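Engineer: My questions are about this predicted structure, shown below with the sequence.
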Amino acid sequence: MQDDIDLFVICDAGGIPRGGAASFSLSRQNDEGESRPFPILIIRTDDDVYVGYANICPHNRLWLNIGDNEFFSGDHNFLECGRHGARFDILSGQCVTGPCSGARLEPVPLMLSEGEVCAYGVKLVEDSPYPDPFSDYADYDETMEIMIHPD
């Protein structure tokens with residue numbers, strides 16, 4: 001492992017059971033330096049291999065799972081989009097059947113480090129719910145979102 005690789009800890013390696021998958025909501029920095037949502041899924045195969053993908057179907061750019069956190073086909077041999085049934089090879093991310101046949105899921109490079117599953121090679125942003133009041137925020141937007149509830 002190179003010393004200059006930035007690792008971002010996603011979860012404990014034992015937190016995903018063999019043959020299982022888990023989704024995570026991260027933030028990724030785009031080319032303009034802005035933070036954007038980056039949903040990912042991590043699969044742990046029966047052979048103890050960890051595979052990561054952006055949790056975005058190439059057909060309609062929506063999450064693969066529909067609220068139930070289930071990613072697999074009924075026979076557990078493929079990842080499956082819960083919206084339209086496209087099936088993806090687990091190890092390659094290649095769509096093998098469905099409206100996005102031939103397309104691939106976006107891979108997320110993973111590495112195990114000290115018992116933790118880490119992402120690398122992706123410009124991830126750590127969430128900070130409150131800005132640092134002592135920093136110079138030239139572009140900081142001070143507006144608030146307000147919900148009004150009728151009586």
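Structural biologist: Okay, I see it. Residues are numbered from 1 along each chain as shown.

Engineer: Pull the contacting residues for residue 105.
Structural biologist: By CB atoms under 8 Å, 6 or more residues apart in numbering, the residues touching residue 105 are 53, 54, 56, 57, 58, 79, 88, 93, 95. Where C-beta positions appear, they are placed from N, C-alpha and C, glycine not excepted.

Engineer: how close does the fifth one sit to residue 103?
Structural biologist: According to CB to CB, to the nearest Å, residue 58 and residue 103 sit 4 Å apart.

Engineer: can you pull the contacts of residue 23?
Structural biologist: 39, 40, 41, 55, 63, 65, 69, 71.

Engineer: can you list the residues you listed in JSON lines and add pLDDT and distance to residue 119?
Structural biologist: Shown next, in JSON lines, are those (pLDDT from 0 to 100; distance: CB to CB, whole Å):
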{"residue": "39", "pLDDT": "91", "distance to residue 119": "13"}
{"residue": "40", "pLDDT": "93", "distance to residue 119": "7"}
{"residue": "41", "pLDDT": "94", "distance to residue 119": "12"}
{"residue": "55", "pLDDT": "93", "distance to residue 119": "13"}
{"residue": "63", "pLDDT": "76", "distance to residue 119": "18"}
{"residue": "65", "pLDDT": "81", "distance to residue 119": "19"}
{"residue": "69", "pLDDT": "66", "distance to residue 119": "19"}
{"residue": "71", "pLDDT": "91", "distance to residue 119": "18"}
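
Engineer: The residues you listed, buried ones only, as a PyMOL selection?
Structural biologist: Of the contacts of residue 23, the buried ones go into a single PyMOL selection, burial set by 16 or more other CB atoms under 10 Å:
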select buried, resi 39+40+41+55+63+65+71
